[in-house]
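*Asks:* Quick one, fold the following:
(chains A and B)
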Amino acid sequence: MTLKDITYNYLFKSTELFEINNFTPDLNIDIPVVFAFRSTCSIIAGIDDTISYIEKYINENSINIKIVETSCPGLCSFDPVIGVKIPGRTLILLKNLYYYEVFSVFDSILNHFLPDTKFLLAQIYDQKYNSWPEFPDFFSLKQVKIQKRNILEPIKTYSPISITDYFAKNGFKGFAKVLTKLTPSEVCSIIENSELKGRGGGGFFTGKKWRKALENNNNPKYFICNADESDPGSVAGRILIETDPFKLIEGMLIGAYAINASKAIIYVRNTYKLAIERLKKAIEQTKSAGLSGDDIFGSGINLSIEIVTGPVAYVCGEETALISSLEGSRGMPKPKPPYPSDKGFLEKPTIVNNVETIFNIPSIILYGAESFKQTGIKESFGTKLFTISGKVDYPGVYEIELGTSIADVLSAVCDDESVNSIKAVHIGGPSGGFIHPDKFYEKLVFNDSKNKSNDIWFGAGSFVVLNKSNCIVDVCKYFLDFDVNESCGKCIPCREGTRVLYDILKRISERPPTNSKHETLQRFKGVTQLEEIAVVMQETSLCGLGQNAPITIITGLKYFRDEFEEHIYEKKCDAGVCRDLKLYNINIDNCVGCGLCVKRCPADAIIGSLHTAHFIVQERCIKCGNCFKACKFNAVNII
Amino acid sequence: MEEFLNKLPTSVSKTELLRILQEFQDKYGYLDNDFIHELSKKIGIQPGKIFGIASFYSQFRFKPSGKYIVNLCSGVACHINSSENLINEFTKLTGLKDGETSTDGKITLELVPCLGGCANSPVVKVNDKYYIKVTKTDLLKIIQELK
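*Replies:* Numbers count the residues shown, from 1 in each chain, chains lettered A, B, ... in the order given. As a prediction, the model looks like this:
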């Protein structure tokens, strides 16, 4: 039987849905199986070395072990994660297994002994197998419990690039249903009823957008997946593609069918090497299974899927800019209307959807709009992926049910002590804002443009936790610096506004040349200007980059005004990040005059003779901090 | 280069432009001035236009890169874990700023907005090798290895 026959039999002959427990790897085979949870973040953490050592171990001991390469569970702090399933026992997950530990750890596991606890993450309970003693269940981990994994599997125990493995999880059943039972208009209605909102930051209703493109009769039409994820601190789209490329393809096929498009394009960021590699393989298999191409299984529908690699520009995440880039121009946004659903790629009706949005499509089609609406809360149904990083103990990619409070998320990703030291959370990357601890009870929901009751802007879903060692002014400055670099320069409010805002912040995070009151006034004036410019930018910029760039500053000023004022009046940075505002001096009571700091000072800024107290000449000091580190008597202070 | 140009189909639409530039850079490492002029003749888009389009994207280089491309991550997670100190340290040690190549043609420094290893920040990438949770001392070692 060819792959095409298998596909046909599976999709169109058997009508029942598979009853599969997604969580249990059905691997009742008599040799040990090793699961390598390999994706870009674990490659960074060194999983490739671990895998090659496992292979070496297998060869040296000439044992029969099967290695399955799959994709990571999104718990980045535990990377590299390796799963081991020995016959008759439950699957155990090992964390932080670096290559140099492989031999000893495998020696003990294969002899039915648990390795050192520092490697133990969890086991996946299954009644069929003997569990390991005194060892938690994966689903009882607080990092897993907080999540509601609808579009990502909690743990993937099969290959992401095998279409038959995807079939075993009801893969392409949604597309088959669309092909055989639903008209394009019905598909649009289901998505409209599900009230699915775009996950890329806009939060626009996906169904409405599709309907508009469907009603436009200007052919050909295009369905585009926006996988040009460029927000610093957000990798959700990449994890999705690396974990389940077939789901993306299925969602796109359904979307293209719903608007009568014959071509679907994935615009993926060029730096996502592994994601591109897996997508290419998946597209190839989809084609040979007969699920894309001309006249799919005799339905008369032609659909082709193509990958375009984006040459990296942040603004291309905006849909009109992305279309410009696809057309071979500079990726600059265009004024809306006309919306791409009327006039998009090559002036034809085009739908641009984010990766995560498309991932929601297959199950909505298969199980219905109502089942989708069972997760989340009113007006914000479903789940959202957040890339949690910063000062947390368990960073990673978390799929959170909408309506969960920020405090709940934080208590799951931090140990108890570190929760208390959190100063702020910054959600949404360059187009998001700060959340103050007083607002941590707020629920994570889509922010309606009409009802700006909270300050939560998802953006692409980056979730950065800041603590006392981070300076709010510095974070604002960081995001503006990013915006200055990435602004395409087409419209003035964004091009000039970001620059002016950056300059003002730079000025207040530097020490003024003189200490006159005039200087302070100038610095203060800067801050009042910040607010004015921010409002103008929000109202007049062409695209989301410019409109949302000042949100960080606005929320920063709203909740952390005292910190800005401290920078202006007291010229002090409590967090000690704004280097230029630091002052080092020597406490003469503690200084024994050992001269160590003099030796370490690269700027010859410390004077004093041996065995008498020393002194720092502020004009020469370059604030490198060497003297502070060198002093053994705690005589150097930072003020 | 001629071989590359000859392989192109006789009529190229503008939507193919970025792909052609990417392919050329993958093969030769950077976009050569002569290549852009030759390409311009072939596809009928003015060289200035091609430069304008290519320079918009951070992927394209117009100068040959060094043997080792050092990517220092300046993403937000790395930033709040003091990647800026690393960048300053790198500049201090090698004299290179973002986009510059050392005179011996060995090291090119490129800052990237996010390498995606946010859990192990700060991250440094040298060609295809990643270094995680890099400190100033680690950075010194990395540079010494390259020299």
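*Asks:* Please enumerate the strands of chain B.
*Replies:* B:68-73, B:107-112, B:124-126, B:129-131 (DSSP state E).
*Asks:* mind checking which of those strands is nearest A:Phe223?
*Replies:* Of all these, strand B:107-112 sits nearest to A:Phe223, with 29.9 Å by CB to CB. Glycine gets a C-beta too; all of them are placed from N, C-alpha and C.
*Asks:* which strands and helices sit next to the host helix or strand of A:Ile224?
*Replies:* Assessed by DSSP states H and E, A:Ile224 sits inside strand A:222-227. If you count contacts as 3 or more CB pairs under 8 Å, 6 or more residues apart in numbering or on different chains; DSSP states H and E, strand A:222-227 packs onto helix A:245-258, strand A:263-269, helix A:319-326, strand A:350-354, helix A:355-367.
*Asks:* Identify the residues contacting the closest residue to B:Gly117 other than its chain neighbours.
*Replies:* Spatial nearest neighbour of B:Gly117, excluding adjacent residues (CB to CB, 6 or more residues apart in numbering or on different chains): A:Ile44 at 3.6 Å. Shown in contact with A:Ile44 (CB atoms under 8 Å, 6 or more residues apart in numbering or on different chains): A:79, B:115-117, B:120, B:123, B:130, B:132.
*Asks:* gap between A:Ile44 and B:Val123?
*Replies:* 6 Å (CB to CB, to the nearest Å).
*Asks:* what does A:Ile301 give?
*Replies:* 44 Å.
*Asks:* With neighbour numbers in mind, choose between those two.
*Replies:* B:Val123 (29 against 18; other CB atoms under 10 Å in any protein chain shown).
*Asks:* Look up the closest residue to the more buried one, ignoring the ones flanking it.
*Replies:* Nearest residue to B:Val123, sequence neighbours excluded (CB to CB, 6+ apart): B:Gly117, at 4.1 Å.
*Asks:* can you check A:Cys573 too?
*Replies:* Nearest residue to A:Cys573, sequence neighbours excluded (CB to CB, 6+ apart): A:Leu581, at 4.5 Å.
*Asks:* Could you report the neighbour count for the closest residue in space to A:Asp116 that isn't next to it in sequence?
*Replies:* Distances taken as CB to CB, 6+ apart put A:Val105 closest to A:Asp116, at 7.7 Å, once the chain neighbours are dropped. Neighbours of A:Val105 under the rule other CB under 10 Å: 22.
*Asks:* pLDDT score for residue 19?
*Replies:* With no chain named, the answer covers chain A. pLDDT, A:Glu19: 47.
*Asks:* could you do chain B instead?
*Replies:* 93.
*Asks:* can you check A:Arg89 too?
*Replies:* pLDDT for A:Arg89: 88.
*Asks:* which residues of chain B fall in helices?
*Replies:* Along chain B, counting by DSSP state H, helices occupy B:2-7, B:17-28, B:33-43, B:47-56, B:76-80, B:83-94, B:136-146.
*Asks:* Now do the fifth one, average pLDDT.
*Replies:* Per-region confidence: helix B:76-80 scores 89 on mean pLDDT.
*Asks:* what's the neighbour count on A:Lys558?
*Replies:* With other CB under 10 Å as criterion, A:Lys558 counts 13.
*Asks:* Just the buried positions in whichever strand or helix holds it, please.
*Replies:* Taking DSSP H and E as the criterion, the element that holds A:Lys558 is helix A:551-559. By 16 or more other CB atoms under 10 Å in any protein chain shown, the buried positions in helix A:551-559 come out as A:551-557, A:559.
*Asks:* contacting residues for the residue nearest to A:Pro220 when sequence neighbours are not counted?
*Replies:* Nearest non-adjacent residue to A:Pro220, counting by CB to CB, 6+ apart: A:Ser262, 5.6 Å away. Applying CB under 8 Å, 6+ apart to A:Ser262 gives the contacts A:220-221, A:256, A:302-304.
*Asks:* could those go into TSV alongside pLDDT and neighbour count?
*Replies:* As requested, the contacts of A:Ser262 are arranged in TSV below (pLDDT from 0 to 100; neighbours: other CB atoms under 10 Å in any protein chain shown):
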residue	pLDDT	neighbour count
A:Pro220	93	13
A:Lys221	95	22
A:Ala256	96	26
A:Asn302	93	15
A:Leu303	94	23
A:Ser304	94	15
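*Asks:* Looking at these, which is nearest chain B?
*Replies:* Nearest to chain B, judged by CB to the nearest CB, of those is A:Pro220 at 13.8 Å.
*Asks:* Quick one: name the residues of the stretch 251-400 of chain A near chain B.
*Replies:* A:270-271, A:308-314, A:325-332, A:346, A:387, A:389-391, A:395-396 (CB under 8 Å from any CB of the partner chain).
*Asks:* Can you say which of those residues are buried?
*Replies:* A:270-271, A:308-314, A:325-332, A:387, A:389-391, A:395-396.
*Asks:* And the residue of chain A that's closest to chain B?
*Replies:* Closest point on chain A to chain B, by CB to the nearest CB, is A:Cys76, at 3.2 Å.
*Asks:* for the nearest residue to that residue once chain neighbours are set aside, what are its contacts?
*Replies:* Nearest residue to A:Cys76, sequence neighbours excluded (CB to CB, 6+ apart): B:Ala119, at 3.2 Å. Residues in contact with B:Ala119 (CB under 8 Å, 6+ apart) are A:41, A:45, A:76-77, A:79, A:389, A:395-396, B:77.
*Asks:* Chain B contacts on the stretch 451-600 of chain A?
*Replies:* Selection of the stretch 451-600 of chain A residues close to chain B by CB under 8 Å from any CB yields A:462, A:464, A:466, A:470, A:475, A:478-479, A:482, A:486, A:488.
*Asks:* rerun at 10 Å
*Replies:* With CB under 10 Å from any CB of the partner chain as the criterion, the stretch 451-600 of chain A meets chain B at residues A:462, A:464-467, A:469-471, A:474-475, A:477-479, A:481-482, A:485-486, A:488-489, A:577, A:579.
*Asks:* Only whichever of the residues you listed are buried, select them in PyMOL.
*Replies:* Per 16+ other CB under 10 Å, the buried members of those correspond to this PyMOL selection:
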select buried, chain A and resi 462+464+465+466+467+470+471+474+475+477+478+479+481+482+486+488+577+579
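*Asks:* Among the residues of the stretch 451-600 of chain A next to chain B, which are located in helices?
*Replies:* Using DSSP H, A:474-475, A:477-479, A:481-482, A:485-486 are the members of those that sit in helices.
*Asks:* Compile those into a markdown table and extend it with columns for pLDDT.
*Replies:* Listed next are these as a markdown table, based on pLDDT from 0 to 100:
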| residue | pLDDT |
| --- | --- |
| A:Asp474 | 93 |
| A:Val475 | 93 |
| A:Lys477 | 93 |
| A:Tyr478 | 93 |
| A:Phe479 | 93 |
| A:Asp481 | 92 |
| A:Phe482 | 92 |
| A:Asn485 | 90 |
| A:Glu486 | 90 |
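*Asks:* from these, which is closest to B:Asp34?
*Replies:* Checking those one by one against B:Asp34 (CB to CB), the nearest turns out to be A:Asn485, at 29.3 Å.
*Asks:* so who does that closest one touch?
*Replies:* Contact analysis of A:Asn485 by CB atoms under 10 Å, 6 or more residues apart in numbering or on different chains lists A:314, A:498, A:502, B:58, B:74, B:98, B:111, B:113.
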